[in-house]
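S.K.: sequence unknown, structure follows:
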């Protein structure tokens, strides 16, 4: 029949029929790229063992997500790379000397309990990597043993916590521990900025984290709102209420110390566990900053970033309610009603 | 006019496929299918039966109420009056005409001189526009005479929509380049009906040639050409009104509520043709474009030409993945290519398989990118969540009915959630619930 000249297999679907090139996978890929400079810093400052720790962490996160999907007979979504990001972040918040089995257990907790049991990507209430770290504090000594930096002390692949501890004088306090006593740490601010201090694998180098931050901003993965509100709040509070003098230096050390930069740039900005509205994000950032300073000043432990973010994660349901946009036409309707 | 609207996305324009191809007359096809409903409102009743001879421009369907007549776009013999596939996805009573290629004009079609036009009253003008079967040609197909008669006394700003923000489509761009005088003349008729001294033509800045052509013609007519940044959905009625006047149409209201009336550029040209040439709306400009076409074109097509014929005219290098009536952002995917070109079809977009983009079990990652781009300032992320409840109140609480289905959120969603699809079903659920409540009361 002339009416039906050709027959094609046409696809029928709802509009729109084109899609932006940005997908969950490309976003996660960009986050991974942004995290790489800090990994390089970790290797330079703490030695090659860092690479193995990160690899173990990433591999176990991906494996547990895949295994969970297999066991529960779901389609595995590991291709979206979100488990890889969790793996990176989990290793970044651990000391370079962490035992491998610990990080595997941490990954199991982060992926299995925190993420997958709640329904996988997008459904978790708290940041999986930070929850994994909180879980790993079941081994407080292993989680707060810091090696001195520099090539002499670099931990190699064979080293584990026990062997490092056995070497006298190989461990060091982090700058935050000194600041917890109200003292300025005995490292220079430049070393703090570059990351040449003791600490977790990915948190020490402010410079390299800022490079990742710039990349994320350029790729429009995150906005300035949460990091600036977070870091700004910490800056203002530590400047106004310094525990050591001079206050400007105190503030600078506080900003460069601990996991603040890593937390503010990569953890607090996690889409799933941060508010969706602009105003909500700013309040969330301020809340994180406030809690961080409170824990650092008054808490029993000298680092406040991870718990501040974990606590604020629970407030997101509420913060989503503030700052909702006024829909188009709503103000016009109100004006009309006023007439 | 300085400020535009909130949100929006900028998909790849892909207008280069056709924007420099001049309008081409499509040779009349052998068989045309003219649906009895090409507008919003009551379908027409066929005025002809099988075997009748019709002439070009002859009225072949009409009805009372919210309705405009349809006309034969060629001369020939009525082959059948039966239900045929329609671009809306359903079948529609249609008149099938076998073309005799004589193009015999109907005797009622008489051009008018400028003096005759000047002598016409407002009522006569509106009646001419109705009889010519003119509807909004941007896609919604609302009867133009209803918009005109309903707006008299209320409308103080008339805007011609030449924004054409959809990717691929260049029909209005070409129209403004090749026949700017007809668009402006049509707008002047509308201004006369509303009793206005000033009229606006809104256009995006990615069409410099069209802007130049229009600006060259507007001298002394009271017509202003407003140029806006190229951003989807600049051509959406509510967003266009906000861009031109700064006013927002109240939720659930019509543009007339803020004194505005928006007409598509092609509608203006159709009004000009009806008033000056006496020619009813029997042809329109259609952009046939897409990434797999050998020769994308801007065609002047008789109403009733099938999509198959249009695709043949351009040739394609691989089997199509989707054939859309309209552009890729809001167009409707077709399953049967024998569907005819209707008055509201401004483009046929043919996409290849590289546009395939599906995600199994998409999951929201709460990135908030949908909120950033929603031109209605809604929160698609929460609207999507509300869809999973069975509560219509939840749907209303997130302002589901305000969604204009522009597709910005779904375009931008990294997780590829079926947002627009979901919102359409959500809106239908609200309508169903309202209908059920109304029937309970009775």
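M.R.: That came through, no problem. Keep in mind it's a predicted model, so treat the numbers as computed, not measured. Numbers count the residues shown, from 1 in each chain, chains lettered A, B, ... in the order given.
S.K.: going forward, measure contacts between C-alpha atoms and count neighbours the same way
M.R.: Noted.
S.K.: shouldn't residue A:39 be in contact with residue A:204?
M.R.: No - counting by C-alpha atoms under 8 Å, residue A:39 stays clear of residue A:204, with 10.3 Å between them.
S.K.: which parts of the stretch 1-150 of chain A sit against chain B?
M.R.: A:3-6, A:8-20, A:22-24, A:27, A:121-123 (C-alpha under 8 Å from any C-alpha of the partner chain).
S.K.: distance from stretch A:40-49 to the middle of the chain?
M.R.: On the basis of C-alpha atoms, centre = their mean, to the nearest Å, stretch A:40-49 sits 19 Å off its chain's mean C-alpha point.
S.K.: let me fix that: stretch B:207-220
M.R.: Distance, centroid of stretch B:207-220 to centroid of chain: 22 Å (C-alpha atoms, centre = their mean).
S.K.: avg pLDDT for that stretch?
M.R.: Average pLDDT, stretch B:207-220: 91.
S.K.: now for the closest residue to residue A:108 other than its chain neighbours, how many residues are close by?
M.R.: Nearest residue to residue A:108 in three dimensions, chain neighbours excluded: residue A:64, at 6.3 Å (C-alpha to C-alpha, 6 or more residues apart in numbering or on different chains). Neighbour count for residue A:64, taken as other C-alpha atoms under 10 Å in any protein chain shown: 21.
S.K.: helix/strand/coil for residue A:64?
M.R.: Under DSSP: H, G, I helix; E, B strand; the rest coil, residue A:64 falls in the helix class.
S.K.: contact partners for it?
M.R.: Residue A:64 sits next to A:107-108, A:111-112 when contact means C-alpha atoms under 8 Å, 6 or more residues apart in numbering or on different chains.
S.K.: likewise for residue A:80?
M.R.: Counting by C-alpha under 8 Å, 6+ apart, residue A:80 has contacts A:24-25, A:28.
S.K.: so where's the longest helix in chain B?
M.R.: helix B:419-441 (DSSP state H).
S.K.: inside helices: which ones of the contacts of residue A:80?
M.R.: Per DSSP H, the contacts of residue A:80 map to helices at A:24-25, A:28.
S.K.: in contact with residue A:205, which residues?
M.R.: A:38, A:41, A:192-196.
S.K.: repeat that for 6 Å
M.R.: Shown in contact with residue A:205 (C-alpha atoms under 6 Å, 6 or more residues apart in numbering or on different chains): A:193-195.
S.K.: count residues in the vicinity of the residue lying closest to it once chain neighbours are set aside, would you?
M.R.: When the adjacent residues along the chain are set aside, residue A:205 lies closest to residue A:195, with 3.5 Å between them (C-alpha to C-alpha, 6+ apart). Burial of residue A:195 is recorded as 26 neighbouring residues (other C-alpha under 10 Å).
S.K.: from chain B, how far out is residue A:195?
M.R.: 30 Å (C-alpha to the nearest C-alpha, to the nearest Å).
S.K.: that residue contacts residue A:204, doesn't it?
M.R.: Yes - Residue A:195 lies in contact with residue A:204 (C-alpha atoms under 6 Å); the separation is 4.3 Å.
S.K.: anything in contact with each of those two?
M.R.: Counting by C-alpha under 6 Å, 6+ apart, nothing touches both residue A:195 and residue A:204.
S.K.: helix or strand for the closest residue to chain A within the stretch 101-250 of chain B, which one?
M.R.: Distances between the stretch 101-250 of chain B and chain A by C-alpha to the nearest C-alpha are smallest at residue B:250, namely 4.2 Å. Assigned by DSSP states H and E, residue B:250 belongs to neither a helix nor a strand.
S.K.: and the closest residue to it other than its chain neighbours, its phi and psi?
M.R.: Nearest non-adjacent residue to residue B:250, counting by C-alpha to C-alpha, 6+ apart: residue A:329, 4.2 Å away. Residue A:329 adopts backbone torsions of phi 90, psi -10, taken as degrees, to the nearest 10.
S.K.: residue A:202 versus residue A:329, what's the distance?
M.R.: Residue A:329 is 48 Å from residue A:202, where distance means C-alpha to C-alpha, to the nearest Å.
S.K.: the more surrounded of the two?
M.R.: residue A:202 (33 against 21).
S.K.: and the more buried one, what does it touch?
M.R.: A:38-39, A:42, A:92.
S.K.: and with 8 Å instead?
M.R.: Per C-alpha under 8 Å, 6+ apart, neighbours of residue A:202: A:38-39, A:41-42, A:89, A:91-93, A:262.
S.K.: buried subset of the residues of the stretch 1-150 of chain A next to chain B?
M.R.: A:10, A:14-20, A:22-24, A:27, A:121-123 (16 or more other C-alpha atoms under 10 Å in any protein chain shown).
S.K.: where's the residue of the stretch 51-200 of chain A found nearest chain B, which helix or strand?
M.R.: Proximity of the stretch 51-200 of chain A to chain B (C-alpha to the nearest C-alpha) peaks at residue A:122, 4.2 Å away. For residue A:122, there is no host helix or strand (DSSP H and E).
S.K.: that concludes my questions; thank you for your assistance.
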